[in-house]
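*Asks:* Only the shape, not the letters, is given here:
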Ligand SMILES: [Zn+2]
């Protein structure tokens, strides 16, 4: 599942390819992806993309001279965004890509495509159909923004407030950190990595976390997300034709997916359990 660093990586790819470009065509291959919006083509063709913003894992496309029109894009579990430029070069990211994902676009998992006046085509692929590309007005977009807490690497993040709120929760610390209203941007992979770095076991109740541990969590979250974005996340791949190259945070993962292998700090075997319904990885020695 794409997490924040993967979505941010896609956003950074989209910006130069889409900003100031005019949409010349939209093809909907599956109506669910556009929330059964039969008017999407009439509404968006002819509009020029102003910017692409992101809050948590949600991408928000805004349009020049149309302040009440937005396009919200969420990759959910299996979404991918791919681009072909006028030279037919393909790039993109999101859910882990394989060679078949990028051949013969559009293909059976392509749900909607957007053509721009520059010759670039954007394909939204989504095998499981949980993702979406849907229109929203300014009020709806604001309401959605308001449901996200601050991201740990953003300037408006206050570690003291975060620590206070976190230490009032009675759920396991992992569940609290997955709650996007408390802190936006941490998904399953990165929560496990953050908790390993600070030595807190994912099953410990949030109200049993010390203040200094909570502050360390905020710091680690910021550092780990920043580092993951810098290398393009864990699932990002860049394709030119079909030759793929993985730019990758996977090499840096210390506990996620490492069950059964020795802890890089102490040598004890990493264990896997379930917390908040999610596969959870930790070192029984380093994390208490
Ligand atoms: Zn250890």
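*Replies:* Sure, I can see it. What you are looking at is a predicted structure, and each value in this text was computed from that prediction instead of being measured.

*Asks:* any idea which element the residue in the stretch 51-200 of the chain positioned nearest to the ion lies in?
*Replies:* Among the residues of the stretch 51-200 of the chain, residue 196 lies nearest to the ion; the distance is 8.1 Å by Cβ to the ion. (C-beta placed from N, C-alpha, C; glycine too.) For residue 196, the element it lies in under DSSP states H and E is helix 188-198.

*Asks:* Need the residues that contact the helix or strand containing residue 163.
*Replies:* Assigning secondary structure by DSSP H and E places residue 163 in helix 159-166. For helix 159-166, the external contacting residues (Cβ atoms under 8 Å, 6 or more residues apart in numbering) are 150, 152, 173, 176-177, 182-183, 206, 209, 211, 214-215, 217-219.

*Asks:* Okay, buried residues for whatever helix or strand comes next after it please.
*Replies:* Under the assignment DSSP H and E, the closest C-terminal helix or strand after helix 159-166 is helix 173-178. By neighbour count on 16 or more other Cβ atoms under 10 Å, the buried set for helix 173-178 is 173-178.

*Asks:* what's the answer for stretch 50-69, then?
*Replies:* Buried, per 16+ other Cβ under 10 Å, within stretch 50-69: 50, 52, 54-63, 69.

*Asks:* Kindly report the same for stretch 27-37.
*Replies:* Buried, per 16+ other Cβ under 10 Å, within stretch 27-37: 28-29, 33-34.

*Asks:* In three-state terms, how would residue 61 be classified?
*Replies:* strand (DSSP: H, G, I helix; E, B strand; the rest coil).

*Asks:* Isn't it up against residue 44?
*Replies:* No. Residue 61 lies out of contact with residue 44 (Cβ atoms under 8 Å); the separation is 9.2 Å.

*Asks:* Pull up the overlap in contacts between the two.
*Replies:* With Cβ under 8 Å, 6+ apart, residue 61 and residue 44 have common neighbours residue 71.

*Asks:* circling back: biggest separation within the buried residues of stretch 27-37, which pair?
*Replies:* Farthest pair in the buried residues of stretch 27-37 (Cβ to Cβ) is 29 and 34. Separation: 9.8 Å.

*Asks:* Can you pull the residues that touch both of these two?
*Replies:* Common contacts of residue 29 and residue 34 (Cβ under 8 Å, 6+ apart): residue 112.

*Asks:* show me what contacts the spatially closest residue to residue 276 that is not a sequence neighbour?
*Replies:* Among residues not flanking residue 276 along the chain, residue 175 sits closest, at 3.9 Å (Cβ to Cβ, 6 or more residues apart in numbering). Residue 175 makes contact with 169, 206, 275-276 under the criterion Cβ under 8 Å, 6+ apart.

*Asks:* and if you look at residue 75?
*Replies:* Neighbours of residue 75 in contact, by Cβ under 8 Å, 6+ apart: 2, 6-7, 10, 57, 81, 94-95, 126, 131.

*Asks:* Would you mind putting these into TSV with distance to the ion and pLDDT alongside?
*Replies:* Output for the contacts of residue 75, formatted as TSV (distance: Cβ to the ion, whole Å; pLDDT from 0 to 100):
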residue	distance to the ion	pLDDT
2	28	83
6	27	85
7	30	90
10	33	87
57	30	91
81	37	91
94	32	80
95	31	78
126	38	93
131	36	96
